[in-house]
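>>> Structure here, sequence nowhere to be found:
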């Protein structure tokens with residue numbers, strides 16, 4: 001700070017020419033009474049009894065009254081303005097000011113007042129009470145000795161600043177819930193199609209958004225960027241955010257909108273902390289290498305849950321230079337009763353492309369923090385042309401952008417729009433002056449999508465399909481449109497997005513040409529073979545070829561097709577060969593015309609299986625009958641009776657191995673657990689049964705509601721049904737039991753992945769004919785019941801039927817394939 005007693009004859013230009021190391025001179029007008037004595041203005045001339053703050057590029061000395069030489073060097077200046085003004089005696093105490101100046105130490109304090117000239121406080125002496133509270137017209141200049149090097153002070157610590165992964169909002173739920181994206185409630189409805197570029201309102205439109213209806217429960221931008229406020233004589237340079245009304249928001253949490261670094265924590269107004277609370281500036285690194293700055297004003301420390309005003313920067317939970325994460329709480333809203341200039345708690349929120357000055361956040365303004373066309377306070381209205389000039393000032397001189405619009409257009413984040421793809425644009429009625437219907441086709445389209453036609457005066461709110469594959473909008477085609485027009489698409493609520501904002505995709509539509517959506521193939525089927533799967537689908541009108549996508553996991557999408565197997569220029573039918581038996585493959589197909597590719601077809605799956613050997617090549621099980629019959633009627637309890645040597649009980653394993661230790665009579669079974677390990681016959685829980693004679697392993701039915709449940713029934717014709725893979729197959733083949741087969745194989749049920757539906761003779765091999773209802777050994781096959789079980793065998797006498805086996809008495813019959821019966825899987829016997 002300098003006084004002009006010895007150089008008051010100098011103009012600023014003369015002083016600068018004499019001392020080229022001085023780069024800036026700012027004036028402190030201590031003699032005025034209109035409140036401007038607490039502001040800093042670029043000095044145009046040197047006046048007596050005024051104080052000045054000097055920016056210097058190197059060490060220099062300015063003589064004051066011929067008595068006092070103040071060294072002003074580069075390290076002193078990096079802390080920002082060292083000038084402190086006091087609006088009233090109780091609003092500034094030297095001791096609290098000194099304590100807040102870390103990382104600096106205070107060497108000496110000088111004061112200047114319009115009526116008393118310069119005073120010097122030597123900190124080696126005790127500060128008296130009269131010195132401790134400056135008078136209301138005092139300026140205080142603190143000589144700081146930095147505890148850091150100038151390089152540390154002037155070079156931002158941005159070496160670790162990472163590129164952002166998207167933006168959220170600064171309040172409430174930050175713009176999303178666990179189930180859906182939240183719509184922003186804007187002040188101007190519908191925000192005059194982006195206030196910064198289209199605001200032509202010349203009267204006061206600064207009224208805050210009423211909190212009625214749906215708005216009452218939602219956070220909102222309650223006062224929009226670019227709105228004109230006659231009391232402040234200019235345009236609002238940011239947005240005011242609220243959850244409630246009045247001071248009900250005091251203490252509400254404020255969150256970082258993106259990953260970044262704390263750039264500034266400072267008093268909002270130079271006139272004192274008690275007038276507007278604190279302001280935080282965060283620096284964010286964009287993908288193109290540029291920086292973006294978010295500004296949060298009228299805030300306090302995150303520790304102040306009731307909105308109390310913390311008195312020192314050290315009271316914050318963050319510090320300048322700290323890295324912060326998106327969604328991290330950085331502050332809370334100050335209560336209105338803590339601020340002289342602000343009556344109610346709210347967040348003033350800005351975004352800028354240019355780095356804000358740490359000493360004057362609203363430089364080039366009209367003195368009130370608002371912007372006009374000529375830097376003045378235009379309290380009587382502004383013309384449309386003047387508004388555009390003021391907007392240009394905000395954009396060019398300080399880099400202001402519309403905060404909520406920018407966030408909406410750049411909200412690509414892990415919780416939002418992951419995998420969203422746009423791959424087709426269809427148009428109808430693209431005639432100049434008419435209303436055209438535009439359909440965007442893609443994948444995972446959000447209900448918040450916005451579609452804007454270049455030059456169009458209006459576009460309706462898009463109608464998004466329930467599955468998120470199409471969004472349809474009506475747009476007015478400009479009357480002078482010709483050739484190609486750009487179409488802008490963003491996942492963004494509200495009015496049309498600004499074309500040059502990052503994150504908005506551009507597409508081309510043509511005047512006078514209608515484009516139809518290329519449909520994906522319908523009725524895609526997959527038929528498994530031995531090491532192969534054959535696909536077929538219906539032809540698509542207009543398609544020139546098809547692309548087949550194949551994966552070993554479900555979930556093929558347009559976003560991940562580059563990572564799966566592809567077959568180009570495919571035609572139907574087509575067979576995928578050299579596949580692994582027992583592995584389930586998933587398929588989807590798209591239609592191709594020129595460079596256009598349709599959406600994906602419905603996904604289908606198939607599991608190749610090795611050719612099934614017939615059970616006739618296996619050892620023969622016996623029947624379980626151990627008693628004989630008498631002539632002419634009646635049965636014996638043992639193997640005696642008429643011509644007994646010719647009867648069943650006299651032959652087979654029922655004679656040679658007649659014990660029940662491992663199954664009734666000649667049957668021999670082993671219980672297996674879910675991993676295929678053998679269990680003792682006494683085991684009370686098992687998943688499969690191995691037939692030790694035939695080598696077949698059988699599924700054991702459960703009663704747990706899962707895929708192996710005893711009550712599950714199916715129509716005939718799924719995987720492993722004989723004839724299913726034949727090009728000229730006969731009759732209907734239903735896919736009902738595919739889930740059972742695929743689920744058993746994919747989970748390696750009982751340790752195996754080659755499960756199938758058995759043939760009719762394989763089913764006969766486990767029938768125990770010495771009992772009925774059910775005709776099976778229930779000590780090894782529980783939960784069986786007297787039910788019909790499908791075989792894999794079609795019925796040759798009628799293409800509408802297939803063979804099934806009754807376990808009530810043990811006989812086979814042919815039944816309609818559309819009937820639902822049980823299935824018991826088998827494996828092995830190859």
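Yes, it's here. Predicted model only: the values in this text are computed from it and were never measured.
>>> And the helices in this structure?
12-18, 74-77, 94-99, 129-132, 150-154, 195-198, 273-276, 384-397, 403-409, 653-656, 738-746, 760-764 (DSSP state H).
>>> Can you flag the weakest of those by average pLDDT?
Here the lowest mean pLDDT among those goes to helix 74-77, at a mean of 28.
>>> where's residue 598 relative to residue 563, distance?
For residue 598, the distance to residue 563 equals 20 Å [C-beta to C-beta, to the nearest Å]. Yep, even glycine has a C-beta here, placed from its N, CA and C like the rest.
>>> neighbour-wise, which of these two wins?
Remark: of residue 598 and residue 563, residue 598 carries more neighbours, 24 against 10, as counted by other C-beta atoms under 10 Å.
>>> and that one, what does it touch?
Applying C-beta atoms under 8 Å, 6 or more residues apart in numbering to residue 598 gives the contacts 424, 441, 517-521, 540, 543, 590-592.
>>> do the same with residue 683
residue 671.
>>> Equivalent analysis for residue 520, please.
Residue 520 neighbours (C-beta under 8 Å, 6+ apart): 540, 589-591, 598-601.
>>> sorry, back to before: which of the contacts of residue 598 sits closest to residue 793?
Nearest to residue 793 among the contacts of residue 598, counting by C-beta to C-beta, is residue 521 at 32.3 Å.
>>> The closest one: neighbouring residues, count only.
By other C-beta under 10 Å, neighbour count at residue 521 equals 24.
>>> Would you confirm that it contacts residue 541?
No. Counting by C-beta atoms under 8 Å, residue 521 does not reach residue 541; the two are 11.1 Å apart.
>>> Just confirm residue 438 contacts residue 487, I think it does.
Yes. The pair residue 438 / residue 487 is scored as a contact, 6.9 Å apart, by C-beta under 8 Å.
>>> Give the residues shared as contacts by those two.
Counting by C-beta under 8 Å, 6+ apart, the shared contacts of residue 438 and residue 487 are 425, 451, 453, 509.
>>> Okay, and which of those residues map to strands?
425, 451, 453, 509 (DSSP state E).
>>> per the record, what domains does the protein have?
Using automatic domain parsing, the domain ranges for the chain come out as 12-154, 191-409, 421-510, 525-606, 613-624+667-830.
>>> looking at those domains, which one has the lowest mean pLDDT?
domain 12-154 (a mean of 43).
>>> Mind listing the residues bridging to residue 635?
Counting by DSSP bridges, residue 635 forms beta bridges with residue 629.
>>> what's the neighbour count on residue 164?
Residues near residue 164, counting by other C-beta under 10 Å: 19.
>>> Over to residue 381?
Applying other C-beta under 10 Å, we find 14 residues neighbouring residue 381.
>>> so how far is residue 534 from it?
Taken as C-beta to C-beta, the span from residue 381 to residue 534 is 76 Å.
>>> before we move on, what about residue 704?
Distance from residue 704 to residue 534, by C-beta to C-beta: 35 Å.
>>> Next up, the contacts around residue 365.
234, 237, 371, 375.
>>> Of those residues, just say which sits nearest to residue 629.
Of the contacts of residue 365, the one sitting nearest to residue 629 (C-beta to C-beta) turns out to be residue 237, at 105.2 Å.
>>> Hmm, residue 372 and the closest one touching each other?
No. Between residue 237 and residue 372 there is no contact under C-beta under 8 Å: 11.2 Å.
>>> any idea how far the nearest residue to residue 246 once chain neighbours are set aside is from residue 574?
Counting by C-beta to C-beta, 6 or more residues apart in numbering, residue 246 lies nearest to residue 344, which is 5.1 Å off, once chain neighbours are set aside. In this view, residue 344 and residue 574 are 68 Å apart by C-beta to C-beta.
>>> Which one of the two is surrounded by more residues?
A count of neighbours by other C-beta under 10 Å puts residue 344 above the other of residue 344 and residue 574, at 20 against 16.
>>> from memory the more buried one sits against residue 334, does it?
No. The criterion here is C-beta under 8 Å, and residue 344 misses it with residue 334 at 10.1 Å.
>>> ok, residues contacting stretch 427-441?
For stretch 427-441, using C-beta under 8 Å, 6+ apart, the contacting residues are 422-426, 449, 451, 453, 462, 469-482, 487, 489, 509-515, 517, 598-599.
>>> swap in stretch 723-735?
527-529, 534, 573, 714-719, 721, 794, 799-801, 817-818.
>>> Restricted to buried residues, select these in PyMOL.
Buried residues among the contacts of stretch 723-735 (16 or more other C-beta atoms under 10 Å), as a PyMOL selection:
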select buried, resi 527+528+529+534+714+715+716+717+718+719+721+794+801+817
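>>> Return the residues in contact with the nearest residue to residue 231 once chain neighbours are set aside.
Of all residues not flanking residue 231 in the chain, residue 379 sits nearest, at 6.9 Å (C-beta to C-beta, 6+ apart). Residue 379 makes contact with 230-231, 233, according to C-beta under 8 Å, 6+ apart.
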